[in-house]
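> whatever this is, show me its structure:
(one chain, ligands or ions: 2)
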Amino acid sequence: MKVLVIGGGGREHAVVKKLSESPKIEKIYCTPGNAGISQIAQCVNIKATDIEGIINFVKTNPMDMVVVTPDDPLALGLVDRLNEMDVPAFGPVAKAAEIESSKAFSKTLMKKYSIPTGDFEIFDNAEKALEYVKDKKYPLVIKASGLALGKGVIIVENHQEAVDTISQMMLNDMFGASGRTVIIEEFLEGPEVTVLAFTDGKTIKTMPSSQDHKRALDNDKGLNTGGMGAFSPSLYYSNEIEDYCVKNIFYPTINAMKKEERNFKGVIYFQMMLTKNGPKVIEYNARFGDPETQALMPLLKTDLYDIFNAIIDENLDKIDIVWENKASATVVLASGGYPKEYTKGYPITGIEEIIQNGITVYHMGTSVKDGDIVTNGGRVLALTTTADTVEEAVTKVYNNINRIHFKDMHYRKDIGRK
Ligand code: AMP
Ligand code: GLY
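Residues are numbered from 1 along each chain as shown. Ligands and ions are numbered 1, 2, ... in the order given. Below you'll find the model as predicted:
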């Protein structure tokens with residue numbers, strides 16, 4: 001079988017690597033891929049957002065499956081286009097992906113179907129938003145409704161910060177069109193947990209729980225990033241909480257989507273806050289998380305190609321998904337300056353050496369220049385290992401991290417250590 005994977009980050013490297021273990025797949029293509037992916041798949045230089053480019057590639061190179069993992073091509077309707085061509089495609093159609101690409105939509109859905117989430121109001125008029133924050137309790141959370149590279153959530157501590165943030169988002173286009181509609185939300189407290197799940201729209205099969213680290217610096221300081229590290233499982237996510245979430249959050253969500261004629265097929269990502277009043281949804285993503293996927297894929301024992309097929313064919317209830325009963329940890333190595341400005345093109349050394357020492361290296365932002373692997377993005381590499389406990393896995397990654405070098409390399413030193 002021939003499979004095309006869309007995207008070129010660490011998440012895609014983890015998915016491509018797992019797919020490459022399937023005996024059913026002869027060849028994997030990846031658009032655009034990266035230096036690490038090019039070692040196990042044929043990379044084709046088409047951007048993930050170039051929908052016409054991808055469609056033309058699939059017309060001339062027939063595929064048995066196309067796997068769409070990044071948010072943008074999902075929101076742009078790539079899966080819809082592939083469905084029209086009868087090409088088996090993994091990922092939600094655009095109407096279903098709106099659960100991530102429009103927070104206004106997802107919050108309204110949760111309210112309508114009584115899915116637990118923080119109290120909120122939606123505004124597309126800045127004056128009304130400014131009026132609303134006048135007599136509120138702080139902190140308060142202000143969110144751009146649309147996609148903003150994981151950076152569209154601002155927690156404000158007082159009225160002045162709320163005024164500044166609303167003005168920046170709604171009047172000064174801080175996040176472009178994504179921020180012209182904002183959600184103003186109650187500040188929730190408690191441990192955060194992420195659960196990713198496979199779903200065919202009828203059945204949900206969860207992956208082990210995980211936790212991301214969104215801020216750039218140790219102790220959750222600094223700017224929000226796409227994610228600086230992850231581990232699995234979360235210590236807070238007990239069987240009792242899982243049962244509650246399956247009954248009150250996971251199934252109600254996919255059932256609601258079906259009722260709204262937005263049947264969700266793919267991976268759905270539940271980010272939740274375990275508050276003292278029970279788990280509440282912070283947000284949904286319509287796809288695998290990055291870097292959570294790098295922490296989860298090494299634990300998956302079932303053939304990922306079979307899982308994707310079961311989802312596409314709506315047979316997920318018929319397949320047993322087996323996970324290794326272990327913990328894992330992922331630490332992201334970033335370019336100095338990320339998530340603000342940073343320089344690309346620095347040579348990276350030590351990758352082979354760290355692999356020999358039992359660390360899996362997923363490339364996030366890398367490319368090949370004159371035969372050398374060089375940095376090519378804000379997040380550069382994800383280092384992952386599994387062990388009996390999160391602590392052991394984390395320690396093993398940190399004990400090996402100094403084998404990798406590139407200029408101005410930055411990483412958090414507290415992943416999984418809270
Ligand atoms: P998001 O981009 O939705 O994942 O949000 C980024 C981060 O903001 C989350 O990981 C939370 O830590 C925080 N956050 C989002 N919504 C809330 C909320 N209602 N209360 C407290 N923190 C929040
Ligand atoms: N790690 C968060 C995300 O993928 O959105």
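
> and the strands in the stretch 201-350 of the chain?
204-206, 211-212, 215-217, 221-224, 229-232, 266-275, 278-285, 327-335 (DSSP state E, counting those that start in this stretch).

> so which of those strands is nearest P88?
Across the strands of the stretch 201-350 of the chain, P88 has its closest neighbour in strand 266-275 (12.6 Å, Cβ to Cβ). Heads up, the C-betas are built off the backbone N, CA and C, glycines and all.

> average pLDDT for that closest one?
Averaged across strand 266-275, pLDDT comes to 98.

> can that strand be said to contact ligand 1?
Yes - residues of strand 266-275 are located near ligand 1 by Cβ under 6 Å from any ligand atom, namely Q271.

> can you add mean neighbour count and give the strands of the stretch 201-350 of the chain back as a markdown table?
As requested, the strands of the stretch 201-350 of the chain are arranged in a markdown table below (neighbours: other Cβ atoms under 10 Å):
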| stretch | mean neighbour count |
| --- | --- |
| strand 204-206 | 19 |
| strand 211-212 | 24 |
| strand 215-217 | 17 |
| strand 221-224 | 14 |
| strand 229-232 | 28 |
| strand 266-275 | 22 |
| strand 278-285 | 21 |
| strand 327-335 | 27 |
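
> can you list these in TSV and add distance to ligand 2?
TSV is the format used below for the strands of the stretch 201-350 of the chain (distance: least, Cβ to the nearest ligand atom, whole Å):
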stretch	distance to ligand 2
strand 204-206	17
strand 211-212	4
strand 215-217	12
strand 221-224	10
strand 229-232	7
strand 266-275	7
strand 278-285	5
strand 327-335	10
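
> pick out the shakiest of those strands, pLDDT-wise.
Mean pLDDT is lowest for strand 221-224 out of these, coming in at a mean of 89.

> would you mind listing what in the stretch 201-350 of the chain touches ligand 2?
Counting by Cβ under 6 Å from any ligand atom, the stretch 201-350 of the chain sits next to ligand 2 at 212, 227, 285, 289-290, 292.

> and these near ligand 1, which?
Checked against ligand 1 using Cβ under 6 Å from any ligand atom, those give no members in range.

> for the protein, which segments count as helices?
10-20, 51-60, 71-75, 78-84, 94-101, 103-112, 126-132, 159-166, 239-245, 251-259, 292-296, 304-312, 351-356, 390-400 (DSSP state H).

> winner for burial among those?
Across those, averaging neighbours per residue (mean count of other Cβ atoms under 10 Å) puts helix 292-296 on top, at a mean of 31.

> so what does that helix touch, helix or strand wise?
Under the contact criterion of 3 or more Cβ pairs under 8 Å, 6 or more residues apart in numbering; DSSP states H and E, helix 292-296 touches helix 10-20, strand 192-199, strand 229-232, strand 327-335, strand 379-387.

> I'd like to know which of the ones you listed is closest to ligand 1.
Among the helices and strands packed on helix 292-296, strand 192-199 comes nearest to ligand 1, with 5.6 Å by Cβ to the nearest ligand atom.

> hmm, who's touching the closest one?
Residues from elsewhere that reach strand 192-199 (Cβ atoms under 8 Å, 6 or more residues apart in numbering): 204-207, 209-212, 230, 234, 236-237, 241, 245, 250, 254, 264-274, 279, 282, 288-289, 292-293, 296, 307, 311, 316, 321.

> 7 Å - rerun?
With contacts defined as Cβ atoms under 7 Å, 6 or more residues apart in numbering, strand 192-199 is touched by 204-207, 209-212, 234, 236-237, 245, 250, 254, 264-265, 267-274, 288-289, 292, 296, 307, 311, 316, 321.

> okay, the angle between it and helix 251-259?
Angle between the axes of strand 192-199 and helix 251-259 is 50 degrees (criterion: axes from the mean of the first three to the mean of the last three Cα atoms, to 10 degrees).

> any idea of the mean pLDDT in strand 192-199?
pLDDT averaged over strand 192-199 gives 97.

> do the same with stretch 140-152
Taken as a whole, stretch 140-152 has a mean pLDDT of 85.

> in that stretch, what counts as buried?
Neighbour counts over stretch 140-152 (16 or more other Cβ atoms under 10 Å) mark 140-148, 150-152 as buried.

> show me the two of those that sit farthest apart.
L140 and L147 (21.9 Å).

> and the residue nearest to the spatial centre of the chain, what does it touch?
What sits nearest the mean C-alpha location of the chain, by Cα atoms, centre = their mean, is G289, with 1.9 Å. G289 makes contacts with 194, 196, 212, 269, as judged by Cβ under 7 Å, 6+ apart.

> and I25, by the same measure?
Contact analysis of I25 by Cβ under 7 Å, 6+ apart lists 1, 3, 19, 305.

> okay, and the beta partners of the second one?
I take that to be V3. Under DSSP bridges, the beta-bridge partners of V3 are I28, M65.

> okay, now the unreliable bits of this structure?
150 (pLDDT under 70).

> can I assume L109 is in contact with N255?
No - using Cβ atoms under 7 Å, L109 makes no contact with N255, being 11.0 Å away.

> from the stretch 101-250 of the chain, which residue is nearest to ligand 2?
For the stretch 101-250 of the chain, Cβ to the nearest ligand atom, closest residue to ligand 2: G227, 3.5 Å.

> ok, that residue to N285 distance?
Separation of G227 from N285 (Cβ to Cβ, to the nearest Å): 11 Å.

> same check on D243?
Distance, D243 to N285, by Cβ to Cβ: 23 Å.

> with F123 instead?
F123 is 23 Å from N285, by Cβ to Cβ.

> same thing with L171?
28 Å.

> and the closest residue to ligand 1 within the stretch 251-400 of the chain, what are its bridge partners?
The minimum distance from the stretch 251-400 of the chain to ligand 1, using Cβ to the nearest ligand atom, falls at E283 (3.9 Å). Using DSSP bridges, the bridge partners assigned to E283 are Q271.

> which residues touch it?
103, 106, 271.

> what does P347 give?
Taking Cβ under 7 Å, 6+ apart as the criterion, P347 is in contact with 372, 374, 406.
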